[in-house]
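>>> could you look at this predicted model? Sequence included:
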Amino acid sequence: MSPVGIGESLVSSKDFKSVTHHGMIFGPDNKDVIIFPERIGGKYYALHRPTTKSCGRPEMWIAESDNLLYWGNHRHLIGLRDGMWDSGRIGGGAVPIRTERGWLELYHGATKDHRYCMGAVLLDLDDPSKVIARSGKPILEPEADYERDGFFGGVVFSCGALVDGDRVRMYYGAADTSMACAELSLTEILDSLEPV
């Protein structure tokens, strides 16, 4: 957040000592930008969540780029689901994980009363704008005291994930007060998804 609003900028480094600032890569009032870790069909892809009223509800979109700086072909990807764990807002979490079944995105969803959980969506390997399956139930919910009580209680919110074989280590914020790590089975996450 800046004095003039929310925006997403790109910064790069080859040595993590010096950095190059490339400026804003998405328009104002956009959150949860996550760039896929490799090119797909020669293009870069990113998930994002425009939050202006003219775009509708806080839902997940996908965009593509030839150079990481200029993004286009913005398309709605997945939306809110009334009466479910992701009925209030959704957005990207960890960088998408390439699996044999498709791109696995661990995303956050909140209810209308601001209870944040983590779920997953599976996207086509060759065309990530195609949704294959999605979590009917959360894969991680705020249940422990440190997840329920804090600066903003009732929140688990992914900050990244590492995959080692079948083990997914998801690092997440808890109640906007602390950080934690959940160990999940990649196979169990994939098997829990419901086809769309």
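Cool, got the structure. Nothing here was measured: the structure is a model prediction, and the numbers come from that model. Numbering: from 1, shown residues only.

>>> what residue ranges in the protein score low on pLDDT?
When the per-residue scores of the chain are filtered using pLDDT under 70, the ranges that remain are 1-2.

>>> okay, helices next: where are they in it?
In the chain, the segments counted as helices under DSSP state H are 145-148, 186-192.

>>> so what's residue 35 bridging to?
Partner residues in beta bridges with residue 35, using DSSP bridges, are residue 46.

>>> oh sorry, the question was meant for residue 134
Beta-bridge partners of residue 134, counted by DSSP bridges, are residue 121, residue 194.

>>> isn't residue 101 up against residue 124?
No - no contact is recorded between residue 101 and residue 124 when judged using CB atoms under 8 Å, the distance being 9.8 Å. Quick note: C-beta positions are derived from backbone N, CA and C, even for glycine.

>>> what sits in contact with each of those two?
Applying CB atoms under 8 Å, 6 or more residues apart in numbering, one finds that residue 101 and residue 124 are jointly contacted by residue 132.

>>> check contacts around residue 160.
Contact criterion CB under 8 Å, 6+ apart gives 94-95, 170-171 as the residues in contact with residue 160.

>>> from residue 91, how far out is it?
14 Å (CB to CB, to the nearest Å).

>>> burial measure for residue 133, as a count.
The local packing count at residue 133 equals 19, with neighbours defined by other CB atoms under 10 Å.

>>> hmm, it is touching residue 123, no?
No - taking CB under 8 Å as the definition, residue 133 is not a contact partner of residue 123, at 9.2 Å.

>>> list the buried residues of stretch 8-25.
Within stretch 8-25, the residues scored as buried using 16 or more other CB atoms under 10 Å are 8, 25.
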